[in-house]
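Asks: Generate a structure from the sequence data that follows.
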Amino acid sequence: MEGRGRPGPGPPAPRYAAAVLVTEEDGRARLTFPAEFSGPVLTVLPVGPEPESDGRTMTAAIEEVAAGDAAVRVWRTRPRRGQGVFAPSRSGVVVHVSAVDVTESVWACPSRSGA
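Replies: Residues are numbered from 1 along each chain as shown. Below is the predicted model of the structure:
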């Protein structure tokens, strides 16, 4: 039958990096990739606050992404009437960070219209 048979080789498998990091004194943490990534996509999740904390919510921001690493920073927030208060977290906050090296061939999707 024409057009049937074994499919050719697919796109290369994406590379991953993940770590559980701890913030430094300024609220920053850095993930170093095992090899250079050409187009990393990151996910960052601060863990906490701890039960004995002052009730602040933590938010993580990706500050810098390069081929070899990424820097993230955790901020502690506390709502106030009419305004919010943001400050860098203290040292010792646990942050879960994951990265996927994305290339066009990995994420190329076939048309959903069937065309």
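Asks: Now do the contacts for the closest residue to H96 other than its chain neighbours.
Replies: Leaving out its chain neighbours, the residue that sits closest to H96 by CB to CB, 6 or more residues apart in numbering is L45, at 4.6 Å. (C-beta placed from N, C-alpha, C; glycine too.) For L45, the contact set (CB atoms under 8 Å, 6 or more residues apart in numbering) comprises A60, V95, H96, V97.
Asks: so what secondary structure elements neighbour the longest strand anywhere in the chain?
Replies: Ranked by residue count and defined by DSSP state E, the top strand of the chain is strand 69-80. Packing contacts for strand 69-80, counted by 3 or more CB pairs under 8 Å, 6 or more residues apart in numbering; DSSP states H and E, involve strand 28-32, strand 40-47, strand 57-65, strand 83-88, strand 94-101.
Asks: Only the buried residues of the third one, if you could.
Replies: Buried positions in strand 57-65, judged by neighbour count with 16 or more other CB atoms under 10 Å: M58, A60, I62, V65.
Asks: How about the contacts made by the residue lying closest to the last one once chain neighbours are set aside?
Replies: It stands for V65. Closest residue to V65 apart from its sequence neighbours, by CB to CB, 6+ apart: P40 at 5.9 Å. P40 makes contacts with A17, F33, V65, A70, A99, V100, D101, V102, as judged by CB under 8 Å, 6+ apart.
Asks: List the buried residues in stretch 35-47.
Replies: F37, P40, L42, V44, P46.
Asks: scratch that, stretch 16-26 is what I was asking about
Replies: Applying a neighbour-count criterion of 16+ other CB under 10 Å, one finds A17, L21, T23, E24 buried in stretch 16-26.
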